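S.K.: the sequence and its predicted three-dimensional model are supplied below.
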2 protein chains.
Amino acid sequence: MTTLPRRPRPPTLKDVAALARVSTKTASRVVNGEPGVVPEKVAAVQRAVQQLDYRPNITASSLRRLDGRTAAVAALLEDLANPFSAEVHRALEDVAHEHGVLIFAGSVDEDPVRERQLVRAFTSRRADALVLAPTTDHQGYLEHEVPDGTPVVFVDRAPVGYDADAVVTDNLEGARRAVEHLIGHGHRRIAFLGDLRHIATARARFDGYLEAMRAARLDVVPELVVHDLKTADHASTALAQVLDAAEPPTALFTAQNEITRGVLRGLQARGLQHTVAIVGFDDFPLADLLQPAVTVVAQDPTAIGRAAAEILFARLAGDDGPRRTVVIPSRLIVRGSGELPPAP
Amino acid sequence: MTTLPRRPRPPTLKDVAALARVSTKTASRVVNGEPGVVPEKVAAVQRAVQQLDYRPNITASSLRRLDGRTAAVAALLEDLANPFSAEVHRALEDVAHEHGVLIFAGSVDEDPVRERQLVRAFTSRRADALVLAPTTDHQGYLEHEVPDGTPVVFVDRAPVGYDADAVVTDNLEGARRAVEHLIGHGHRRIAFLGDLRHIATARARFDGYLEAMRAARLDVVPELVVHDLKTADHASTALAQVLDAAEPPTALFTAQNEITRGVLRGLQARGLQHTVAIVGFDDFPLADLLQPAVTVVAQDPTAIGRAAAEILFARLAGDDGPRRTVVIPSRLIVRGSGELPPAP
DNA sequence: GCGGCGCTCGACAACGTTGTCAAAGACGGT
DNA sequence: ACCGTCTTTGACAACGTTGTCGAGCGCCGC
C-alpha cells in the first residue's frame, strides 16, 4: 500500500477536466450524472475523478445552482445533551442521511435570545430547511428571517404566529391518561408538580390533569398544585411542601422528566417510595430497575424526529399542501409506582 | 407592529451597496469592519444593512476568502442519541458558539464504512476542522481525505496511524481503580464483563482489570471473563453464565454503560443485587436511586468535549506545536453497590 | 447535393463574496 | 507650482461550480 501524498489544495473540477481532456462543463455533467455525454468521455472523467480523489465542493455548487440547495438542514432543539433532544436529533440524522443531507444542530436552552441568534446563524449558512423546538412565545419573527420557500417544521411545540408544519406529542391526552390511571387505582388526592407555565406543553399537561380530575368530579386542591419547577432540586423542595399539607396527597403526577427525578429522590429520602403512588411524564432509562419501578407516560422522540424529517423532505421535494400538525401518541407504561393503592 | 414582507430572494451585498450608493467592495469593507472607509459611508452602509436586513452569505464568502474558512466544524461521534456522545457534542457546541462557529454532527455507530462516508461528506462541505471518535482500527485514510491544514482532534479514542491531537479518558487507570476498590473490600473472585475487544478503550479497561488483579496476586479465572458484549441483553445472558460457574464471583466489574445496565437487570431478576458487589464504568442518571445505589467510575464527557474544542480552536488560531494527548481523569463515585462485602 | 434535425460539447457568464490594484484626491514640503 | 506620499475608493478578477446558448458534426429524407 503506497501512502498518498497530502494534498495541499483539494483538486477542483478544472483539474479533473484537464486530466480527462474535456471541458469543465463536461466534467460537471459526468459528475452530476447528466445525460448527453459519450461513453468514452464519461469513462475518462470517472478515471480522472478516481485518480485525483476529486470531491465536489458543495458550497460552491450550491452557490451557483438555481435552487441554491446546500444539502444541509438546521435543527434547533432544546438542549442537545438531554435525552429527548438527543433522540430527536438522532432520528433526524438517520432520515437526513438517507437523503445525503447533513444536520447543523444547536441548543436553544429555553433562551429566546439564543433561539433568534441561532436562527440567524443558520439562515446565514443557507440551510435548506429548519427544524425548530421553539422557546419563544411567538415565532412571527421567522416571517422575515426565513427566506421564502425554506421549509420550517416545528417539533415538540406547536408554532405560534407562524404557519408551519409541526410534530408534537399528545401532551394533554397523555397527562389525562396518567391521572385517570391513578384515579382508577382509587386515588382521590392527586398532586400535580409541573414545569414552567410559559411553556405550552407544560400548560397542556396541566390541562390534562384538570380534565381528568374534573371528569372524576375530584377537587383540584390548590396546595397540591405546584408549577414552574425548573430543576430536580426545586422539585424535591416542592414535594416536601406538598407532603406537609394538611391533607397530603396519596398520589403524584409529575409532569416532566427532571421533576420526576427530583421527586423520586425526595420520596426515597423520606422512605415513602412504596407508600405514595407516582406517574411521571417522559420515560427515562432504568425506570424499570427502581423499586418500585416507575410508571410513566412515555413520549416517542424517535418517532417525532422521524416524522419531522419526513415532512421536511416532502416539502423540499415540492409538497406544498396545507401545513399539517402530526400528533405522536404517548404511551402509558405500567411498572409499579403508579399502581400503589392509596394509603389509608 | 407591521408585518415585514416575506423576502423572495435574500438581499445581497450588491443590494446593500446600491442602497448606500457605494461600491460592493466598500460595502464589503464595512460589513467586515475593515479600516479605511470614511465615517459617512460606514454609516450609510450600516443603515442599508439594517434596512434590508442583510445577512452575509457565509458560503460565498468562504469560497472567495484566502483561508477558505466556513465557520463550521464537523463532529463525528459514536451515537448522538447516547448520553456520552450527546454531552460531548453539547460541550463542543458551547465552545464553538463562543467563536461564532456551528457544528455539523454525525453518528458513526461503530460502523467503519459509515465513518468514512461521513468524513467524506464533511470534507465535501469544507468543514474547518474535524472532531472524531473513530470506530475504524486505523485512521491512516485521513491522510488523503483531510486537506492539509485542517485540524483533527480525536475524542474518547486515540488515533492509530495518523498524527493528531486527542482527548481521552484514563480508561486503564479508571478500571484499575474500580477493581482495586472491590479488592479493598475483600473480594477475591471478581468477574470482568466487557465490550467489543476490537475497541481500544475496551481493551484498556480490561488491561486495568488485569493490572489490579495481578498487583493483588489474584487469579484471573477465564470463566469469569467475558468480552464482546454488544447489548444489555447479551450482558444479562453473560451474567447468568458467570454466576453459574463452579465458583461464582462475589463481585463484578462491568466495563461499559449498557453492560452495567444489563447486569443490574439480571441481578435484580435473581434477587442478588444486595449480595453480589458491582462497580461499573461510566456513570448514568439515577444510579443513586437504585437499591443499592451503584458505585461507578465516571467519565467526564463535558470536560472531554470542552478540551477537544479548545485544542481545536487553538489549532485554527495557528498553534502548530506538536500534537498533544490530553487525558481527562475519571472519578470513582462510591454509592453502595461496590462496598458490599463478599458473600461467604 | 442540400436542408434540417438531433446529439454532443465547450465558451462564457453568473452565483455572492473578497483580494488586487490602480486611479483619484488630499495634503505637506519644497 | 510641483512632486511625493498617504488615504479612500471602486473596477475587475477570481473562488468552484452550473446554466445558457450556440457551434460543430453526423445522419436522414428528398
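M.R.: Thanks, I have the structure now.
S.K.: now do the SS call for A:R265.
M.R.: helix (DSSP: H, G, I helix; E, B strand; the rest coil).
S.K.: what's near enough to touch the nearest residue to it once chain neighbours are set aside?
M.R.: Distances taken as C-beta to C-beta, 6 or more residues apart in numbering or on different chains place A:S236 nearest to A:R265, at 5.8 Å, with adjacent residues excluded. C-beta here means a position set from N, CA and C on the backbone, and glycine is covered the same way. Counting by C-beta atoms under 8 Å, 6 or more residues apart in numbering or on different chains, A:S236 touches A:G262, A:V263, A:R265, A:G266, A:A269.
S.K.: A:S236: what secondary structure?
M.R.: helix.
S.K.: tell me the pLDDT at it?
M.R.: Listed pLDDT for A:S236 reads 96.
S.K.: repeat that for the one 10 residues further on.
M.R.: The per-residue pLDDT reported for A:A246 equals 92.
S.K.: then the helix or strand containing A:A314 to CSV, C-alphas only?
M.R.: Using DSSP states H and E, A:A314 maps to helix A:301-316. Coordinates of each C-alpha in helix A:301-316 appear next as CSV, following Å, rounded to 0.1, in the frame of the first residue of the first chain:
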residue,chain,number,x,y,z
PRO,A,301,-38.8,11.2,20.5
THR,A,302,-37.6,8.9,17.7
ALA,A,303,-41.0,8.9,16.1
ILE,A,304,-41.2,12.7,16.5
GLY,A,305,-37.8,13.2,14.8
ARG,A,306,-38.6,10.8,12.1
ALA,A,307,-42.0,12.3,11.3
ALA,A,308,-40.5,15.8,11.3
ALA,A,309,-37.8,14.7,8.9
GLU,A,310,-40.3,13.1,6.6
ILE,A,311,-42.5,16.1,6.4
LEU,A,312,-39.4,18.2,5.8
PHE,A,313,-38.1,16.2,2.9
ALA,A,314,-41.6,16.0,1.4
ARG,A,315,-41.6,19.8,1.5
LEU,A,316,-38.2,20.0,-0.1
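S.K.: so can I have JSON lines of the contacts of A:S236 showing neighbour count and pLDDT?
M.R.: Compiled in JSON lines, the contacts of A:S236 are given as follows (neighbours: other C-beta atoms under 10 Å in any protein chain shown; pLDDT from 0 to 100):
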{"residue": "A:G262", "neighbour count": "23", "pLDDT": "95"}
{"residue": "A:V263", "neighbour count": "26", "pLDDT": "97"}
{"residue": "A:R265", "neighbour count": "18", "pLDDT": "95"}
{"residue": "A:G266", "neighbour count": "23", "pLDDT": "96"}
{"residue": "A:A269", "neighbour count": "12", "pLDDT": "93"}
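S.K.: let's have those residues in a markdown table, adding distance to DNA strand C.
M.R.: Listed next are the contacts of A:S236 as a markdown table, based on distance: C-beta to the nearest atom of the strand, whole Å:
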| residue | distance to DNA strand C |
| --- | --- |
| A:G262 | 48 |
| A:V263 | 51 |
| A:R265 | 52 |
| A:G266 | 54 |
| A:A269 | 58 |
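S.K.: out of the residues you listed, which is nearest to B:S107?
M.R.: Nearest to B:S107 among the contacts of A:S236 is A:G262, at 30.5 Å by C-beta to C-beta.
S.K.: is it correct that the closest one falls within a strand?
M.R.: No - using three-state DSSP, the secondary structure at A:G262 is helix, not a strand.
S.K.: I'd assumed A:A240 was in contact with it.
M.R.: No - using C-beta atoms under 8 Å, A:G262 makes no contact with A:A240, being 10.6 Å away.
S.K.: can you give me the strands in chain A?
M.R.: A:72-77, A:102-107, A:129-132, A:152-155, A:165-169, A:190-193, A:225-226, A:251-254, A:277-281, A:295-298, A:325-328, A:331-333 (DSSP state E).
S.K.: give me every residue in the stretch 1-150 of chain A lying close to DNA strand D.
M.R.: By C-beta under 7 Å from any atom of the strand, the residues of the stretch 1-150 of chain A that approach DNA strand D are A:9, A:12-14, A:24-25, A:28, A:31-32, A:56-57, A:60-61, A:63-66.
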